[in-house]
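Chemist: sharing a model prediction with you, sequence too.
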Amino acid sequence: MRRNKREIRVYLPFLLLLVGFGIIEFRLYLLQIVEHHKYSKMAEEEQVRVIDILPQRGIIYDSNLKPLSTNVTSFSIYASPKEIANPENTASRIAPLLDTEEGKLLNVLKKDRVFVWLKRKVNLEIKKKVENLKLPGIGFIKESKRFYPEGELASHLLGWVGIDNQGLAGVEYYYERELRGKKGKVLLQRDALGHTIPFTQTVLKEVIPGKSLILTIDSRVQSIVEQELTKALSRTKALSVEAIFMNPYTGEILALANKPDYNPNNFWDYTSFERRNRVIQSLYEPGSTFKVVTSAALMEEDLVNLEEKIYCNASIRFGDHTITDWKEFNREMNFTEIVYNSSDVGIIKLAQRMDKLTFYRYIVNFGFGQKTGIDLPGEARGIVKPPERWYLTDFPCISIGQGIAVTPLQMVVALSAVINGGKVLRPFVVKKIISLQGEVVKENRPKIVRRVISPDTSEKLRKILAEVVERGTGKKSKILGYMVGGKTGTAQIPSPKGGGYLPGRYIASFMGFAPVGEPKIAGIVVIKQPTGVYWGGEVAAPVFGDILTRVLPLLEILPEKKLLVRK
């Protein structure tokens, strides 16, 4: 019995040790074999982080290869919360440098996560200030940031990008697929304590830069247009001023501007109205500028004799509705005189010679009530009621530009068709898409959508529209040395509640082209709700003239010697 007890005392420690080793081995078996995948994944999540690296967006150039949208180096600041022993101290020291509320930053630093962004895309100066604090758990990743070196210039055409370099407006959005490139991936590694291991950023996937764009606009022309619009906005104290100019034979947009505008480098500081590309997105009644379309339809249908006389009363009546002319002519005028004097009654009397289906066909064929197809986002279709919904006064009102809603772009496309021989063109703002190596990937070329009038009608109309500037309502758009053609417009603003127009609120416009013999440029200036004088010939025509006075020589269009001496 004593011997058995002695043997137990001798062997018991060995048995206990054996059992202990067995338990340890079993536990190691569970950890390393059975639950290996689980704990391996946990360790990887704690020690490894894969970060998406955004590619360099393609550059956007003007037609002379001047960069209008480019990239600059920036730094994004991140934190590893598990490495930060005192988040309160870290938050209080970093928040002022990042222009962030300390409380919000503290909440981010207290998150139970391996990786959090603190501030995306800061400049080198801020990066160095944060770096000099030498705070544990704070790191930096080099990124690319979009930059617009010319500030507000062509902002509505260019658009802007978001924090992840995604296009959100303008050509930045429309050509997002071409500009963005393809993301890369970088692996960040940490040790068992969660500290970043130096020099362990591993590139898992190479970044592929985006393609670049060459625009149709000339930044010099764009700058002139914007300067003159800014003057007009200040002088007229209008709600807004818009303009667009294009090559009437190709559809290439030479300039597109809205004032007020915005700076895409800090687009968030501006209102939606200021950022809105009103040239292609905002509708208005065109007023007398639309008489060009009515005149084209009448001439093409051979419903008017240029020399016949039409008596232009002070007003004309349709049922219980009276349309009063803008001026009491009360005399006979031929067709050319009716156009250059912009007689409402004269145009209405002539328009009645068309049936409404014929007139509607011309309206649609000139491109109204549909998108032009310009390569910019958000284009409005306009509003054109079908003829079966026209009431008694709709036909006469539409013939003088009331009861129809258009965009400035649609008016310029229609004007270009009137003066280029009758071809409706698709307008475009991007001339070429090029690769990183400078090779042309795609080139946009002129596209004829349809022919709407004959070359003969087009030639006659150019001469008539030249009389508008020489002798009619557009005299203030005259340019010494050049023959200019165009049409003035003054329109009321419909009440948003329906049933009439807003009292005392007008839209003044002038659309024109030059030179008359062989037009190289066509455009429109629209001034919305000017204060004081509101006639298109008084406030919009001079702006158009001032723009072309500076632009035509820049386009190497020489003045005619015989016109340099005219009074």
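Modeler: Right, received. Where do you want to start? Keep in mind the model is a prediction, meaning the values are calculated, not measured. Residues are numbered from 1 along each chain as shown.
Chemist: pretty sure Gly474 contacts Gly489?
Modeler: No: contact criterion C-beta atoms under 8 Å: Gly474 and Gly489 do not qualify, at 10.1 Å. For the C-beta atoms, the positions are set from N, CA and C on the backbone; glycine is no exception.
Chemist: okay, and the common contacts of those two?
Modeler: The contact sets of Gly474 and Gly489 overlap at Phe510 (C-beta atoms under 8 Å, 6 or more residues apart in numbering).
Chemist: so which residue is dead centre in the protein?
Modeler: Gly170 (3.0 Å; C-alpha atoms, centre = their mean).
Chemist: that one reaches Arg275, doesn't it?
Modeler: No: checked against C-beta under 8 Å, the pair Gly170 and Arg275 is beyond contact range at 9.7 Å.
Chemist: and for the two, which residues touch both?
Modeler: His156.
Chemist: what sits against Thr324?
Modeler: Counting by C-beta under 8 Å, 6+ apart, Thr324 has contacts Ala314, Ser315, Asp344.
Chemist: neighbour-wise, which one of those residues leads?
Modeler: With neighbours taken as other C-beta atoms under 10 Å, the top of the contacts of Thr324 is Asp344, carrying 26 neighbours.
Chemist: now stretch 269-278: buried residues?
Modeler: Neighbour counts over stretch 269-278 (16 or more other C-beta atoms under 10 Å) mark Tyr270, Glu274, Arg275, Arg276, Asn277, Arg278 as buried.
Chemist: how near is the last one to Tyr173?
Modeler: Pointing back at Arg278 there. 17 Å (C-beta to C-beta, to the nearest Å).
Chemist: which one is Ser416 nearest to, not counting chain neighbours?
Modeler: Pro248 (3.7 Å; C-beta to C-beta, 6 or more residues apart in numbering).
Chemist: for Pro386, that is, sorry about that
Modeler: Tyr360 (7.1 Å).
Chemist: that neighbour: how many residues sit nearby?
Modeler: Neighbour tally, Tyr360, other C-beta under 10 Å: 22.
Chemist: is it true that it touches Arg389?
Modeler: No: in this structure, Tyr360 is not within contact of Arg389 by C-beta under 8 Å, at 10.6 Å.
Chemist: so what touches stretch 281-290?
Modeler: By C-beta under 8 Å, 6+ apart, stretch 281-290 touches 242, 276, 342, 344, 378-380, 382-383, 398-407, 411, 473, 487-494, 507, 509-511, 524, 526, 528, 536.
Chemist: any idea how far the residue nearest to Pro386 is from Gly369?
Modeler: For Tyr360, the distance to Gly369 - C-beta to C-beta - is 9 Å.
Chemist: confirm Tyr78 sits in a helix?
Modeler: No: the assignment for Tyr78, made by DSSP: H, G, I helix; E, B strand; the rest coil, is strand rather than a helix.
Chemist: ok, what's across the strand from it?
Modeler: Trp117, Gly139 (DSSP bridges).
Chemist: quick one: strands adjacent to the helix or strand containing Leu213?
Modeler: Per DSSP states H and E: Leu213 is located in strand 212-215. Strand pairing for strand 212-215, determined by DSSP bridges: strand 60-61 (parallel), strand 430-434 (antiparallel).
Chemist: tally of neighbours for Asp302?
Modeler: 8.
Chemist: if I've got this straight, it is in a helix?
Modeler: No: Asp302 is assigned coil when assessed by three-state DSSP, not a helix.
Chemist: list the residues that contact it.
Modeler: Contacts of Asp302 (C-beta under 8 Å, 6+ apart): none.
Chemist: try 10 Å
Modeler: The contact partners of Asp302, taken as C-beta atoms under 10 Å, 6 or more residues apart in numbering, are Thr457.
Chemist: where does it land on pLDDT?
Modeler: In this model, Asp302 is scored at 97, pLDDT.
Chemist: distance check, it against Met354.
Modeler: 11 Å.
Chemist: repeat for Pro55
Modeler: The value you get for Pro55 to Met354, if C-beta to C-beta is used, is 56 Å.
Chemist: same check on Glu301?
Modeler: Distance from Glu301 to Met354, by C-beta to C-beta: 6 Å.
Chemist: what's the overlap in contacts for these two?
Modeler: Common neighbours of Glu301 and Met354 (C-beta under 10 Å, 6+ apart) are Tyr362.
Chemist: which of the two has more residues huddled nearby?
Modeler: Met354 (19 against 16).
Chemist: does that one belong to a helix, a strand or coil?
Modeler: Once three-state DSSP is applied, Met354 turns out coil.
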